[in-house]
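Engineer: need a structure here:
(one chain, ligands or ions: 1)
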Amino acid sequence: MKGTAFITGATSGFGDAIARRLSKEGYKIIALGRRRDRLEKLVKEIKNTHIIECDIRDKDALFEAVKNLPESFKDIEILVNNAGLALGIDGILQTSVDDLETMIDTNIKGLLYSTKAVLPIMAARKSGYVFNLGSTAGAWPYPGSHVYGASKAFVKQFSRNIRNDLKGTGIRVTEIAPGICKTEFSEVRFKGDIERANEVYAGVEPITAQDIATIVVNCINMPKHVNINIVELMATAQTWAGLHVEKN
Ligand SMILES: NC(=O)c1ccc[n+]([C@@H]2O[C@H](COP(=O)([O-])OP(=O)(O)OC[C@H]3O[C@@H](n4cnc5c(N)ncnc54)[C@H](OP(=O)(O)O)[C@@H]3O)[C@@H](O)[C@H]2O)c1
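Structural biologist: Numbers count the residues shown, from 1 in each chain. Here you go, the predicted structure:
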């Protein structure tokens, strides 16, 4: 049996696929998310899983949950900072402050809390692997991406910066920055409007959550002296839009 993989946002999409794949690879799993029914389903379907029903924005609850991990789940080898969301695609003028704050609190502060809670365990073990889910939106602007893209730019630079602080610890850090993937992401973005969410993927073969899980496993299986800094990927059907010029 390998050590433990801690996955935030394990109730759907990438997190769910990564949890299932790493379990197959022999890791024990800590699965974090807010939806208890999904967590309970997961714990029935994959063995050696500990669930944490928690809002990643709740700093105290998160630190408490990590402090009180069962003894057999304290050997955390892998942290997948995956919980995150985009809300809406309207411009900055139209988007509510509440939605903007939710993206910042989840994608930036939540990721920070889980990193701060878990890194000391890895540092003490002199080994570990942190995956941070960024996005192509962190590097490439598009209309309506304002705070979502900026939050993922944070993820990108944070991932690089902490590598400097972790030198000598043996801890590896990789940012995974995907483009269009079919998960519940668009359903969340469009607040349950399934039709609008489906339009995003119509006529496109998007990346799948399983593809992301494969990337995680491939990175882990690289020799320990190799750190992959960034994996940026897009669906083959997706390219850049080019620069826009507003004409009179
Ligand atoms: N799909 C894409 O096209 C795409 C592209 C690039 C990057 N990404 C990034 O990939 C990551 C995973 O997205 P996904 O595509 O798998 O979307 P998803 O299917 O909507 O999954 C998002 C996960 O995040 C969790 N989550 C959201 N807010 C949370 C909170 N406050 N506390 C705890 N957990 C929370 C959700 O769990 P609960 O709702 O149960 O809490 C869910 O498990 C995100 O960071 C996203 O920004 C996605």
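Engineer: Identify the residues contacting the residue nearest the centre of the chain.
Structural biologist: Centroid check for the chain by C-alpha atoms, centre = their mean gives Asn82 as the closest residue, at 1.6 Å. Asn82 sits next to Ile7, Thr8, Gly9, Ala10, Phe14, Gly15, Ile18, Phe131, Leu133 when contact means C-beta atoms under 8 Å, 6 or more residues apart in numbering. Any C-beta I mention is one placed from the backbone N, CA and C, and that applies to glycine too.
Engineer: strand partners of the longest strand anywhere in the chain, parallel vs antiparallel please.
Structural biologist: For the chain, the longest strand by residue count, based on DSSP state E, is strand 171-178. If you go by DSSP bridges, strand 171-178 pairs up with strand 128-133 (parallel), strand 230-233 (parallel).
Engineer: Would the shortest one count as contacting the ligand?
Structural biologist: Which is strand 230-233. No. Strand 230-233 is not in contact with the ligand by C-beta under 6 Å from any ligand atom; minimum separation 9.3 Å.
Engineer: Report all helices and strands that the helix ranked longest in the chain contacts.
Structural biologist: Assignment by DSSP state H gives helix 146-165 as the longest helix of the chain. For helix 146-165, the elements it packs on are helix 97-103, helix 111-125, strand 128-133, strand 171-178, judged by 3 or more C-beta pairs under 8 Å, 6 or more residues apart in numbering; DSSP states H and E.
Engineer: just to revisit the earlier point, separation between the residue nearest to the centre of the chain and Gly13?
Structural biologist: 8 Å (C-beta to C-beta, to the nearest Å).
Engineer: Kindly report the same for Thr169.
Structural biologist: 30 Å.
Engineer: Look at these two and report which has more neighbours.
Structural biologist: Gly13 (22 against 16; other C-beta atoms under 10 Å).
Engineer: The more buried one is in contact with Thr208, isn't it?
Structural biologist: No. The pair Gly13 / Thr208 is not scored as a contact, 9.7 Å apart, by C-beta atoms under 8 Å.
Engineer: Return every residue with contacts to both of those two.
Structural biologist: Cys181.
Engineer: Can stretch 177-186 be said to contact the ligand?
Structural biologist: Yes. Using C-beta under 6 Å from any ligand atom, stretch 177-186 reaches the ligand at Pro178, Ile180, Cys181, Thr183, Glu184, Phe185.
Engineer: chain center to that stretch: distance?
Structural biologist: In this view, stretch 177-186 has its centroid 11 Å away from the chain centroid, taken as C-alpha atoms, centre = their mean, to the nearest Å.
Engineer: Quick check: mean pLDDT of that stretch?
Structural biologist: Across stretch 177-186, the average pLDDT comes to 98.
Engineer: Just the buried residues of that stretch, please?
Structural biologist: Under the neighbour-count criterion of 16 or more other C-beta atoms under 10 Å, stretch 177-186 has Ala177, Pro178, Gly179, Ile180, Cys181, Lys182, Thr183, Phe185, Ser186 buried.
Engineer: on that earlier part again, which stretch among the helices and strands packed on helix 146-165 approaches Ser72 most closely?
Structural biologist: helix 111-125 (13.6 Å; C-beta to C-beta).
Engineer: For the ligand, tell me whether that closest one is touching it.
Structural biologist: No. Judged by C-beta under 6 Å from any ligand atom, helix 111-125 and the ligand are separated, with a smallest distance of 8.3 Å.
Engineer: thinking again about what came up before, of the contacts of Asn82, which ones also sit close to the ligand?
Structural biologist: Gly9, Ala10, Phe14, Gly15, Leu133.
Engineer: May I have the residues that are in contact with the last one?
Structural biologist: Listed by C-beta under 8 Å, 6+ apart, the contact partners of Leu133 are Gly9, Phe14, Val80, Asn81, Asn82, Gly84, Val155, Glu175, Ile176, Pro178.
Engineer: again, 6 Å this time
Structural biologist: Asn82, Ile176 (C-beta atoms under 6 Å, 6 or more residues apart in numbering).
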